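Peer 1: no FASTA, just this:
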Ligand SMILES: Nc1ncnc2c1ncn2[C@@H]1O[C@H](COP(=O)(O)OP(=O)(O)OP(=O)(O)O)[C@@H](O)[C@H]1O
Ligand SMILES: [Mn+2]
């Protein structure tokens with residue numbers, strides 16, 4: 001079109017004044033070419049802008065949780081995580097949901113008063129997240145770490161009784177008809193999974209013995225073995241975290257047991273998660289005058305502990321994911337727990353708060369508040385029900401006295417470990433080194449609250465220790481607590497695989513703080529703010545160095561420090577990245 005305009009213009013100029021025609025033509029053409037260039041530049045700019053913005057924003061969700069076909073709400077839910085509420089507010093109470101949506105979107109950025117600045121802020125976050133992802137993809141220390149032989153050790157194949165639960169075929173169920181067998185094989189024939197009366201709000205159960213039909217939480221349950229809670233390489237892990245982060249919330253009741261407020265959340269396909277709410281900002285340090293048993297629990301500590309445990313190669317913490325929930329539509333309006341619902345109130349600034357009922361901090365002086373509805377929480381996938389997979393709780397030999405005045409025996413007796421070593425179950429097997437693994441994990445994240453640990457009863461003493469309840473970790477970054485390392489210091493014993501991994505994580509190429517930062521970026525809440533502040537990340541490196549020093553000093557004074565659980569002495573596991 002522009003070309004024809006040029007042509008007609010120049011031809012009319014020729015007709016008007018043949019003498020000056022050449023000069024006029026040149027002048028006209030120059031002007032037009034300038035205009036065309038301007039037009040072209042404008043057009044290119046707008047195209048480029050669209051091309052840049054769109055992929056970045058859509059790249060946020062895959063970064064956090066890989067897409068799968070089964071999760072319909074995922075993209076909307078995830079983008080809404082940056083707009084303050086999760087997908088689950090698409091509950092039948094739609095009018096209210098819409099009303100709540102707008103204020104919620106603003107709550108994350110209280111200083112922003114209009115939706116325009118809200119949107120630009122969100123975009124900035126998306127772009128930032130994209131940059132992080134780019135970095136992760138190009139030179140991922142985390143990926144390199146997990147590729148190392150030390151994180152892929154050859155292991156004997158698991159036998160039938162090494163699995164916590166089994167899917168039993170109909171023929172097998174008939175063969176082993178004993179009552180005990182049927183009880184043990186908690187999940188058996190297909191027909192038993194069909195619920196006779198469909199409960200309100202729950203999905204119709206259509207699972208068969210085919211694993212493809214199982215929801216992620218069930219696949220997680222079926223993947224629990226004598227050796228570990230989950231296999232790091234199992235693709236279901238990503239689906240499980242995505243599931244926890246996006247599933248519609250159907251129920252919320254207070255979870256009994258323990259001392260602080262936590263909720264049991266239910267999802268339409270019968271999955272459940274343990275919710276711990278945000279109580280203080282990420283940067284807040286625990287008051288130095290508080291005893292550890294009076295410390296708040298932190299949602300981000302639960303999330304970070306899961307990542308740290310995985311990085312150490314333990315796989316002993318149930319997967320935990322961060323999420324923004326709507327206190328009103330996803331808790332208050334759906335709860336059937338009257339004791340809980342009676343504790344809801346609106347704070348003077350208009351935030352929706354509740355405090356529940358428990359031993360510590362369940363009072364209106366310690367409320368859990370939305371902004372005004374949006375609340376950061378951690379969601380840990382629930383382990384199989386105790387009736388299906390009973391667990392045994394063990395009192396830790398290095399338990400603290402939980403008294404303001406008394407010292408525990410281990411604090412007074414330097415030879416305490418000798419006694420422990422002669423006491424079952426620490427005499428045989430791996431129990432002692434497992435406990436020391438747990439002490440290392442706890443020292444790194446400064447968790448003083450490990451009074452008990454649990455195991456699955458089915459596996460007897462030959463199994464891993466569950467590292468449940470990590471809410472009091474990551475409370476102080478400016479101080480370390482050497483007494484948490486007492487089991488290592490007093491027993492001078494450590495698994496070889498653990499020591500080698502700790503050494504790897506102290507190398508610049510796999511620095512613990514770096515791989516932790518990278519790992520935590522995968523959590524949906526990382527889009528709101530980093531799960532651990534930089535001082536907490538540096539504290540990890542400092543504590544790791546201390547741990548290695550303790551081992552070194554053990555090796556100077558004792559023989560038999562290393563418990564060799566790594567086959568093939570001639571394999572060089574101390575590798576640097578390429
Ligand atoms: N993911 C999970 N699945 C099933 N049960 C769990 C899970 N996490 C914790 N529990 C159980 O719930 C109980 C209470 O949880 P937790 O210890 O986290 O709460 P708490 O209030 O911090 O307890 P405490 O005050 O004793 O430290 C635990 O003893 C454990 O048995
Ligand atoms: Mn606790």
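Peer 2: Nice, I can see it. Predicted model, so just to flag it, every value in this text is computed and none were measured. Ligands and ions are numbered 1, 2, ... in the order given.
Peer 1: what sits against the spatially closest residue to residue 416 that is not a sequence neighbour?
Peer 2: In space, residue 416 comes closest to residue 410 once its chain neighbours are excluded; the distance is 4.4 Å by CB to CB, 6 or more residues apart in numbering. Quick note: C-beta positions are derived from backbone N, CA and C, even for glycine. By CB atoms under 8 Å, 6 or more residues apart in numbering, the contact set of residue 410 is 397, 398, 416, 486, 490.
Peer 1: that's a helix at the last one, yeah?
Peer 2: Translated: residue 490. Yes - residue state for residue 490 (DSSP: H, G, I helix; E, B strand; the rest coil) corresponds to a helix.
Peer 1: quick one on the thing from earlier: which of the helices or strands spans the residue nearest to residue 416?
Peer 2: Here residue 410 sits within helix 409-412, counting by DSSP states H and E.
Peer 1: after that helix, next one along is what?
Peer 2: By DSSP H and E, the next helix or strand past helix 409-412 is helix 416-421.
Peer 1: show me what counts as buried in that next one.
Peer 2: Neighbour-count burial for helix 416-421 flags 416, 417, 420 (criterion: 16 or more other CB atoms under 10 Å).
Peer 1: now stretch 419-439
Peer 2: The neighbour-count criterion (16+ other CB under 10 Å) identifies 420, 425-426, 430-439 as the buried residues of stretch 419-439.
Peer 1: and the residues you listed as TSV, adding secondary structure, pLDDT and distance to ligand 1?
Peer 2: Supplementary listing: those in TSV, determined by DSSP: H, G, I helix; E, B strand; the rest coil; pLDDT from 0 to 100; distance: CB to the nearest ligand atom, whole Å:
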residue	secondary structure	pLDDT	distance to ligand 1
420	helix	98	22
425	coil	97	19
426	coil	98	21
430	coil	97	22
431	helix	98	19
432	helix	98	22
433	helix	98	23
434	helix	98	18
435	helix	98	17
436	helix	98	21
437	helix	98	19
438	helix	98	14
439	helix	98	17
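Peer 1: and which of those residues is nearest ligand 2?
Peer 2: Distances from ligand 2 to those, taken as CB to the ion, are shortest for residue 438 (14.7 Å).
Peer 1: what comes up buried for stretch 446-457?
Peer 2: Under the neighbour-count criterion of 16+ other CB under 10 Å, stretch 446-457 has 446, 447, 448, 449, 450, 453, 455, 456 buried.
Peer 1: start to end distance for that stretch?
Peer 2: 28 Å (CA to CA, to the nearest Å).
Peer 1: before we move on, the earlier item: if you rank the contacts of residue 410 by neighbours, which is first?
Peer 2: Counting neighbours by other CB atoms under 10 Å, residue 398 comes out on top of the contacts of residue 410 with 26 neighbours.
Peer 1: wait, that one touches residue 486, no?
Peer 2: Yes - with the criterion set as CB atoms under 8 Å, residue 398 and residue 486 qualify as a contacting pair; they are 5.4 Å apart.
Peer 1: what touches both of the two?
Peer 2: 410, 439.
Peer 1: so who does the nearest residue to residue 519 once chain neighbours are set aside touch?
Peer 2: Nearest in space to residue 519, with sequence neighbours left out and distances taken as CB to CB, 6+ apart, is residue 307 at 4.4 Å. Residues in contact with residue 307 (CB under 8 Å, 6+ apart) are 516, 519, 520, 523, 531.
Peer 1: re earlier: using CSV, lay out the contacts of residue 410 together with pLDDT.
Peer 2: Formatted as CSV, the entries for those read as follows, by pLDDT from 0 to 100:
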residue, pLDDT
397, 97
398, 97
416, 97
486, 97
490, 97
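Peer 1: would a markdown table of those residues with distance to residue 277 be doable?
Peer 2: Rendered in a markdown table, the data for these read as follows (distance: CB to CB, whole Å):
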| residue | distance to residue 277 |
| --- | --- |
| 397 | 32 |
| 398 | 29 |
| 416 | 37 |
| 486 | 32 |
| 490 | 37 |
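Peer 1: also near ligand 1: which of those residues, exactly?
Peer 2: Here nothing survives when the contacts of residue 410 are matched to ligand 1 using CB under 6 Å from any ligand atom.
Peer 1: between those residues, which sits nearest ligand 2?
Peer 2: Proximity of these to ligand 2 (CB to the ion) peaks at residue 398, which lies at 16.5 Å.
Peer 1: surely that closest one forms part of a strand?
Peer 2: No - counting by three-state DSSP, residue 398 is not found in a strand; it is coil.
Peer 1: interface residues of this protein facing ligand 2?
Peer 2: 469, 471 (CB under 5 Å from the ion).
Peer 1: which residues touch stretch 498-509?
Peer 2: With CB under 8 Å, 6+ apart as the test, stretch 498-509 has contacts from 141, 144-145, 148, 150-151, 311-313, 433, 436-437, 440, 510-512, 515, 541, 544-545, 547-548, 551, 562, 566, 573-577.
Peer 1: and which of the contacts of residue 307 is nearest to residue 215?
Peer 2: Nearest to residue 215 among those is residue 523, at 20.9 Å by CB to CB.
Peer 1: now the closest one: how far from residue 531?
Peer 2: Using CB to CB, to the nearest Å, one gets 6 Å for the distance from residue 523 to residue 531.
Peer 1: residue 426 now?
Peer 2: From residue 426 to residue 531 the distance is 34 Å (CB to CB).
Peer 1: quick one: pLDDT of the residue in the stretch 151-300 of the chain that ligand 1 sits nearest to?
Peer 2: Of the stretch 151-300 of the chain, the residue with the smallest distance to ligand 1, taken as CB to the nearest ligand atom, is residue 258 at 2.4 Å. At residue 258 the predicted local confidence, pLDDT, stands at 76.
Peer 1: how about residue 422?
Peer 2: 97.
Peer 1: sorry, back to before: looking at the buried residues of stretch 419-439, which is nearest residue 333?
Peer 2: Of all the buried residues of stretch 419-439, residue 438 has the smallest distance to residue 333: 39.7 Å, by CB to CB.
Peer 1: so the closest one makes contact with residue 468?
Peer 2: No - contact status for residue 438 versus residue 468: not in contact, 10.9 Å apart, counting by CB under 8 Å.
Peer 1: quick one: the strands in the stretch 251-400 of the chain?
Peer 2: Secondary structure of the stretch 251-400 of the chain, counting by DSSP state E, counting those that start in this stretch: strands at 251-254, 263-266, 272-277, 320-326, 345-346, 352-354, 368-369, 374-381, 391-395.
Peer 1: contact partners of the longest one?
Peer 2: It refers to strand 374-381. Contacts made with strand 374-381 from outside it, assessed by CB under 8 Å, 6+ apart, are listed as 84-85, 104, 107-108, 217, 220, 240, 244-245, 265, 271-278, 299-300, 302-303, 306, 318-327, 368-369, 525, 528.
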